[in-house]
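Participant: fold the following and give me the result.
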Amino acid sequence: VIAMATAATRVLRRPAAVFLNASRLNYDNCLDLSRISSLTNLTSNNVDSVADVEEIVSKVTESQAEIVITKEMEIPKSALAQFPPTVKLLCEAGTGYNNIPIALARERGITVCNIPTYSTESVAHMVITYIMNFSAAMFPQARMIYDGNQENFRVFQHPINEITGKTLGLIGGSGTIGTAVTDVALALGMQVVISSRRESLPAGHKYENHPKVVIHPLDEMLKMSDFVSINCPLNDETRKSIGRREIELMKPTAFLINTARGAIINEKELIECMKENVIAGAGLDTQEVEPPVPDSELWTLPNVFLTPHIGWRRLETRQRLVDMTADNIESYIQNKPTNVVN
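Facilitator: Below is the predicted model of the structure:
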């Protein structure tokens with residue numbers, strides 16, 4: 001009887017939780033957060049982000065949270081240092097966790113977890129969407145129509161090319177998202193070149209020894225590719241790693257696509273290259289600052305195309321993220337934390 005009562009107590013334990021920027025994820029109120037609510041005593045702060053340190057600390061303290069949930073929101077060290085001792089789990093509702101001071105969380109005994117695979121197909125399809133639009137010059141054609149320019153229907157003015165037989169270069173291509181991009185690229189008849197210091201893919205990789213998937217150092221990959229997609233994480237090694245030197249290695253007809261993290265590209269140098277037409281175009285689903293500052297030249301360059309970090313925003317993707325966040329929380333409550341990054 002005592003054992004049964006103890007088990008029931010474990011099942012019924014509902015720690016306090018606060019979602020600091022719930023509207024970043026559930027901006028359209030179309031998501032079902034009931035499972036997280038059933039697992040926790042949840043407080044949702046329905047804003048896109050909280051930047052003020054005092055406000056972050058206040059929201060966490062007032063909710064008496066044991067679990068803090070964020071979505072792509074920076075938690076400054078000065079804020080985390082002031083979190084009350086009640087906080088035991090910091091749950092990033094996303095893949096990247098460069099917004100969280102991991103070392104400080106470890107020092108304070110706060111477990112940090114993320115969701116590594118929720119948007120794999122969605123982000124991969126975003127890459128392919130850009131490739132298809134670039135190959136058919138859809139962006140400039142749409143711009144002409146919106147500007148009232150119908151000349152393209154009389155004298156076609158944009159170069160367009162088939163995707164089949166073209167080469168797609170992947171930076172970070174051996175990971176989960178890169179592999180999903182390769183799945184679709186191969187189905188479209190493309191050749192895939194993955195940049196790596198190694199001479200081969202990891203043993204057992206899905207595309208190890210595949211005849212249409214090859215490995216080359218970054219510089220060689222850039223020279224060979226018709227499209228280059230960035231799919232690596234942001235860290236000290238990759239920050240601003242793609243700049244003028246790398247872009248100038250690309251073909252003048254090539255396109256650069258970034259669906260990873262904006263700061264991987266040296267944005268100032270990219271802007272300079274695009275003004276000089278060093279490459280044909282750039283598709284940026286992520287930018288160094290999101291959104292870019294109002295006077296950023298990214299908004300007005302005719303060969304740069306921006307989307308507001310929508311790779312993860314499809315409805316099904318976001319609901320999957322909610323469900324997997326609930327999985328992480330449930331595992332933590334059961335003293336079996338998963339997807340721990342610190």
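Participant: strands of the stretch 151-300 of the chain, start to end?
Facilitator: 167-171, 191-195, 213-216, 227-230, 255-258, 281-284 (DSSP state E, counting those that start in this stretch).
Participant: shouldn't M132 be in contact with T164?
Facilitator: No - between M132 and T164 there is no contact under CB atoms under 8 Å: 11.9 Å. Just so you know, the C-beta spots here come from the backbone N, C-alpha and C atoms, and that holds for glycine as well.
Participant: ok, the residue most central in space within the chain to N98 distance?
Facilitator: With distances taken as CA atoms, centre = their mean, A260 lies nearest the centre of the chain, 4.6 Å away. According to CB to CB, to the nearest Å, A260 and N98 sit 11 Å apart.
Participant: and for P291?
Facilitator: The gap separating P291 from N98 is 18 Å, by CB to CB.
Participant: okay, these two: which has more neighbours?
Facilitator: N98 (16 against 12; other CB atoms under 10 Å).
Participant: list phi and psi for the nearest residue to the more buried one once chain neighbours are set aside.
Facilitator: Excluding the flanking residues, the one nearest N98 by CB to CB, 6 or more residues apart in numbering is L234, at 5.1 Å. When read as degrees, to the nearest 10, the backbone of L234 gives phi -90, psi 120.
Participant: L234 contacts G96, correct?
Facilitator: Yes - contact criterion CB under 8 Å: L234 and G96 qualify, at 6.5 Å.
Participant: can you list residues touching both of the two?
Facilitator: R261 (CB atoms under 8 Å, 6 or more residues apart in numbering).
Participant: between the two, who's got more neighbours?
Facilitator: Taking neighbours as other CB under 10 Å, L234 and G96 compare with L234 leading, 20 against 16.
Participant: could I get the pLDDT score of the more buried one?
Facilitator: With respect to pLDDT, L234 scores 89.
Participant: for it, give its distance to V228.
Facilitator: For L234, the distance to V228 - CB to CB - is 17 Å.
Participant: same deal with P302?
Facilitator: Applying CB to CB, the value for P302 to V228 is 20 Å.
Participant: with neighbour numbers in mind, choose between the two.
Facilitator: Between P302 and V228, counted using other CB under 10 Å, the more crowded position is V228 (29 against 12).
Participant: list the contacts of that one.
Facilitator: By CB under 8 Å, 6+ apart, the residues touching V228 are L168, G169, L170, I171, M221, L222, M250, A254, F255, L256, I257.
Participant: distance of it relative to L25?
Facilitator: Separation of V228 from L25 (CB to CB): 30 Å.
Participant: check T338 too.
Facilitator: 19 Å.
Participant: tell me which of those two has more neighbours.
Facilitator: L25 (25 against 14).
Participant: not counting sequence-adjacent ones, nearest residue to the more buried one?
Facilitator: Computed as CB to CB, 6+ apart, the closest residue to L25 that is not its neighbour in sequence is K71, at 4.7 Å.
Participant: show the pLDDT at the one you found.
Facilitator: 96.
Participant: R318 should be in a strand, yeah?
Facilitator: No - judged by DSSP: H, G, I helix; E, B strand; the rest coil, R318 forms no part of a strand; its state is helix.
Participant: what number of residues lie near it?
Facilitator: 22.
Participant: separation between it and W299?
Facilitator: 26 Å.
Participant: likewise E54?
Facilitator: 32 Å.
Participant: low-scoring pLDDT stretches of the stretch 1-150 of the chain, where are they?
Facilitator: Applying pLDDT under 70 to the stretch 1-150 of the chain picks out residues 1-12.
Participant: quick one: buried residues of stretch 64-83?
Facilitator: By neighbour count on 16 or more other CB atoms under 10 Å, the buried set for stretch 64-83 is 65-73, 75-76, 79-80, 83.
Participant: kindly report the same for stretch 198-213.
Facilitator: For stretch 198-213, the neighbour count (16+ other CB under 10 Å) marks L201, Y207, V213 as buried.
Participant: so which residues of the stretch 1-150 of the chain form strands?
Facilitator: For the stretch 1-150 of the chain, applying DSSP E, counting those that start in this stretch gives strands covering 16-19, 41-44, 67-70, 89-92, 111-113.
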